[in-house]
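**Student:** Mind looking at a prediction? Sequence and model below.
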There are 2 protein chains.
Amino acid sequence: MPKPTTAADPSVPKRRRADAERSVAAILEAGLEALASDPDSSMSAIARRAGVVRATIYVHFPTRTALLDAVMEHAVGLVVEAMRGAEPQRGEPVEALERVLRATWRQLAYFHALLAMNIDRLSAEELRRRHVPVLDQLEPLIERGQRQGAFRGDLSVAWHLAVIRAIVHAASTEVQGGRISDSEAEAAMMSTTMAAISKHPA
Amino acid sequence: MPKPTTAADPSVPKRRRADAERSVAAILEAGLEALASDPDSSMSAIARRAGVVRATIYVHFPTRTALLDAVMEHAVGLVVEAMRGAEPQRGEPVEALERVLRATWRQLAYFHALLAMNIDRLSAEELRRRHVPVLDQLEPLIERGQRQGAFRGDLSVAWHLAVIRAIVHAASTEVQGGRISDSEAEAAMMSTTMAAISKHPA
DNA sequence: TTGACATTGGACAGCTCTGTCTGATTTACT
DNA sequence: AGTAAATCAGACAGAGCTGTCCAATGTCAA
């Protein structure tokens, strides 16, 4: 009978003590911040930021690569959660896209920074496989918009997705570079994305 | 009298033998390729790619940083040359922008990859200073288009430039990932950029 | 309270990279 | 053909990082 342990809902639940749980969370969070700003952050740097000693990381993640994978998964989870919360399937496509973008653009930028970090680490295909959950949130919305004539049909869904990612990323870069304010960036990002994706705005 | 050597047109001409000239060219080219795909490429890797021994690089570039700077300058030169050849100042803004993009989009993407390589190495200001020559080619064109009512005036020139860079980069990424053909990417890039920048196309 | 779990702080070997230096060899200019 | 320049091949020290280990200490849970 498949019932060796007490409770086993997640894939690998791993009965951990509360402080271990806290450590893992701190490490993932610190890894997210550190690696987003410098993809080559050392284990020492991440440990320091997490308020933990380097060896502790190795207790929970056997290797640097394993930590990178975990951080990536964590980031994708955050983004997807934010997107789901914006209900891409509800309402008019244009409004829905605006809503989803507004709700998630900052986290998407975060995710994108991590994408960059993985670019030489992973094969293009492997990398694609990992951010499928994010695209999955947007793809039906774009398709729906095309069917209803709100979005351009002369370009592929994949291209639209690439464009959205690119513009969101550009907005985040401009903000981080201090060349534009947060709210200005959001407005510009939204406005430009809509112009790029929509059928004649008039 | 400012005439100590025979011929001194460039800033630091350095009388070099022909084989030295070839080595430097090969190193810069190899550095461009290597660093664009992996910003952390080692000196060994670059030397190997250039068909040269590692020590040879140090003959011409005192340190790794110096090589990175030189590669950057070289890349900027390539892009600017391509842009100049497309005559941004000639004709209608929309046509001119199409012409410039078509002539340089791949190199623009290349340049963008090198920008990423420099992001944590240089201060934001220093980085900006270095790619000023590229922006200088586009900025007057965008301004002119805004004045003539061809491009959107409700967004800043800087933002338009960021958007152009982002879309061009996305197109190049899609091509490199094999998800779209070269010519399709060029068409999509052009079409989307124009939709994003132009005033209502109708 | 007690025992198992978890973290600390530090030490360690192994690896890769940078930058320097050498002597020997090949290549370009005159 | 002769000389100076340039490259090669390989060695070297110094530095940083990864991954492992350990003994001591702290902390959770039953």
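**Tutor:** Structure's in. What do you need? Numbers count the residues shown, from 1 in each chain, chains lettered A, B, ... in the order given.
**Student:** Run the contact check for the helix or strand hosting residue A:141 versus chain B.
**Tutor:** Residue A:141 is part of helix A:132-147 when elements are defined by DSSP states H and E. No: Helix A:132-147 stays clear of chain B (CB under 8 Å from any CB of the partner chain), getting no nearer than 11.8 Å. (Each C-beta comes from the backbone N, C-alpha and C, glycine too.)
**Student:** Only the buried residues of the helix or strand following that helix, if you could.
**Tutor:** On the C-terminal side of helix A:132-147, the nearest following helix or strand under DSSP H and E is helix A:157-176. By neighbour count with 16 or more other CB atoms under 10 Å in any protein chain shown, helix A:157-176 contains the buried residues A:157-175.
**Student:** what does chain A put close to DNA strand C?
**Tutor:** A:16-17, A:19-20, A:22-23, A:51-56, A:59-60 (CB under 7 Å from any atom of the strand).
**Student:** Quick check: buried residues in the helix holding residue A:141?
**Tutor:** Quick answer for helix A:132-147 (16+ other CB under 10 Å): A:134, A:135, A:137, A:138, A:139, A:141, A:142, A:144, A:145, A:146.
**Student:** roughly how far is it from the heart of the chain?
**Tutor:** 15 Å (CA atoms, centre = their mean, to the nearest Å).
**Student:** Output that helix as PDB - backbone C-alpha positions only.
**Tutor:** This file holds the C-alpha atoms of helix A:132-147, laid out as PDB (Å, rounded to 0.1, in the frame of the first residue of the first chain):
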ATOM      1  CA  VAL A 132       6.300  27.300 -20.000                       C
ATOM      2  CA  PRO A 133       4.100  27.900 -16.900                       C
ATOM      3  CA  VAL A 134       4.400  31.600 -17.500                       C
ATOM      4  CA  LEU A 135       3.600  31.500 -21.200                       C
ATOM      5  CA  ASP A 136       0.700  29.100 -20.400                       C
ATOM      6  CA  GLN A 137      -1.000  31.900 -18.500                       C
ATOM      7  CA  LEU A 138      -0.700  34.300 -21.400                       C
ATOM      8  CA  GLU A 139      -1.100  32.200 -24.500                       C
ATOM      9  CA  PRO A 140      -4.900  31.500 -24.200                       C
ATOM     10  CA  LEU A 141      -5.500  35.100 -23.700                       C
ATOM     11  CA  ILE A 142      -3.600  36.100 -26.800                       C
ATOM     12  CA  GLU A 143      -5.400  33.500 -28.800                       C
ATOM     13  CA  ARG A 144      -8.700  34.600 -27.600                       C
ATOM     14  CA  GLY A 145      -7.900  38.200 -28.500                       C
ATOM     15  CA  GLN A 146      -6.900  37.200 -32.000                       C
ATOM     16  CA  ARG A 147     -10.200  35.200 -32.500                       C
END
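**Student:** Okay, now the unreliable bits of chain A?
**Tutor:** Across chain A, the ranges flagged by pLDDT under 70 are A:1-14, A:109-125, A:128, A:201-202.
**Student:** got the residues of it near DNA strand D?
**Tutor:** Residues of chain A lying near DNA strand D (CB under 7 Å from any atom of the strand): A:17-19, A:42-45, A:54-55, A:58, A:62-65.
**Student:** Among the residues you listed, which are located in strands?
**Tutor:** Among those, no residue falls in strands (DSSP state E).
**Student:** Please convert the residues you listed to CSV, extending it with neighbour count.
**Tutor:** Shown next, in CSV, are the residues of chain A next to DNA strand D (neighbours: other CB atoms under 10 Å in any protein chain shown):
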residue, neighbour count
A:17, 8
A:18, 7
A:19, 8
A:42, 12
A:43, 18
A:44, 11
A:45, 16
A:54, 14
A:55, 9
A:58, 15
A:62, 10
A:63, 11
A:64, 13
A:65, 10
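**Student:** what's the nearest residue to residue A:50 if we skip its chain neighbours?
**Tutor:** Leaving out its chain neighbours, the residue that sits closest to residue A:50 by CB to CB, 6 or more residues apart in numbering or on different chains is residue A:30, at 3.6 Å.
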